[in-house]
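Student: no FASTA, just this:
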């Protein structure tokens, strides 16, 4: 069963082949060539516990472009809202559809769904990780700076679910990841231990200047994730705001990325996200192409 749950589950070669296919699919679309239809006659269920713009649109459009039928299901559409187990939901949906994409809160929900599903399951975000976003980010890095091995990335801010997937990606592709943020918001210690045990070049610091010096890619995310309490986050993360002064310390050809939605004036200034170094909207577009390649891989049709 070809589930797509977390980047650390895969070999570098498999992930690279998916990235290569995503880049190929993007080139085909840009050139105006006729689309292949590898999902023709197939239905992909899309379960949303959490609302979304990019995930909903990119998956639905991607499924359609590949000839498939998207089936969008919110929590209110499913009997799980009335107590049906995720295990039974998995068993039932597997009889109807060819793959299941889920965007949910608990990572345990994803794991239980995949364990009891007889069709591929794709992680479109949990509170632990966001691998589809990272595949789009990695595609963007390749487009701007070439092969991933040896590149340098600075992640500024919260050690959240996106940061978790960045750590897994750094290990699998051999680029240096510098994580700068307050110590209390550091990524999980167990994951950092796994990364270092597997040869990951991960630097953890509270010094934003150390993190960004001559780096090729600068990445951040919102300071207050969906469902999180604000607390003292705005004050705690203020020194890690990505602004023009900070970007001048990065490499001359450095790019800025953000998974969106962004809060201009908080984690990033408008001058940066709307400026010439921003790759944010190319990155957002790459969600479409990366996810098409992921679905093709899951259904063994590429």
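Tutor: Thanks, I have it. What you see is a predicted model; the values in this text were computed from it and never measured.
Student: output the below-cut-off pLDDT ranges for this structure.
Tutor: Within the chain, the stretches with pLDDT under 70 are 34-35, 80-82, 226-227, 301-302.
Student: relative to residue 7, how far out is the residue positioned nearest the centre of the chain?
Tutor: Against the mean C-alpha coordinate of the chain, by C-alpha atoms, centre = their mean, the closest residue is residue 133 at 1.8 Å. The span separating residue 133 from residue 7 equals 11 Å under the rule C-beta to C-beta, to the nearest Å. Any C-beta I mention is one placed from the backbone N, CA and C, and that applies to glycine too.
Student: and for these two, which residues touch both?
Tutor: Taking C-beta atoms under 8 Å, 6 or more residues apart in numbering as the contact criterion, the common neighbours of residue 133 and residue 7 are residue 165.
Student: please report how far the residue nearest to the centre of the chain lies from residue 259.
Tutor: In this structure, residue 133 and residue 259 are 5 Å apart, going by C-beta to C-beta.
Student: what residues are shared contacts of these two?
Tutor: Where contact means C-beta under 8 Å, 6+ apart, the residues bridging residue 133 and residue 259 through contact with each are residue 162.
Student: how about residue 244, what does it touch?
Tutor: Contact analysis of residue 244 by C-beta under 8 Å, 6+ apart lists 269, 271, 272, 275.
Student: which residue packs closest to the last one, ignoring adjacent ones?
Tutor: Same thing as residue 275. If you skip the residues right next to it in sequence, residue 275 has residue 244 as its closest partner in space, 7.4 Å away by C-beta to C-beta, 6 or more residues apart in numbering.
Student: what about residue 154, which helix or strand?
Tutor: strand 152-156 (DSSP states H and E).
Student: which of the contacts of residue 244 are buried?
Tutor: By neighbour count, with 16 or more other C-beta atoms under 10 Å, those hold 269, 272 as buried.
Student: distance from the chain centre to stretch 141-152, please.
Tutor: Shown here is stretch 141-152, whose average C-alpha point lies 17 Å from the average C-alpha point of the whole chain (C-alpha atoms, centre = their mean, to the nearest Å).
Student: list the buried ones in it?
Tutor: Residues of stretch 141-152 classed as buried by neighbour count (16+ other C-beta under 10 Å): 141, 142, 144, 145, 148, 151, 152.
Student: what about residue 63, distance to residue 77?
Tutor: With distances defined as C-beta to C-beta, the gap from residue 63 to residue 77 amounts to 17 Å.
Student: more neighbours: these two, which one.
Tutor: In this view residue 63 and residue 77 are compared by other C-beta atoms under 10 Å, and residue 63 has more residues nearby, 23 against 12.
Student: excluding sequence neighbours, find me the nearest residue to that one.
Tutor: Once its chain neighbours are removed from consideration, residue 63 has its nearest residue in residue 70; the separation is 4.2 Å (C-beta to C-beta, 6+ apart).
Student: quick one on the thing from earlier: of the contacts of residue 244, which is the nearest to residue 115?
Tutor: Nearest to residue 115 among the contacts of residue 244: residue 272, at 42.1 Å, using C-beta to C-beta.
Student: against residue 40, how distant is that closest one?
Tutor: Distance from residue 272 to residue 40, by C-beta to C-beta: 42 Å.
Student: check residue 190 too.
Tutor: Between residue 190 and residue 40 the distance, using C-beta to C-beta, works out to 42 Å.
Student: so if I had to pick from the two, which one is more boxed in?
Tutor: Using other C-beta under 10 Å as the criterion, residue 190 and residue 40 rank with residue 40 on top: 11 against 8.
Student: hang on, the earlier thing: dump the contacts of residue 244 to CSV, plus distance to residue 177 and secondary structure.
Tutor: As requested, the contacts of residue 244 are arranged in CSV below (distance: C-beta to C-beta, whole Å; DSSP: H, G, I helix; E, B strand; the rest coil):
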residue, distance to residue 177, secondary structure
269, 23, coil
271, 25, helix
272, 20, helix
275, 23, coil
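Student: since that was my last question, I'll sign off now.
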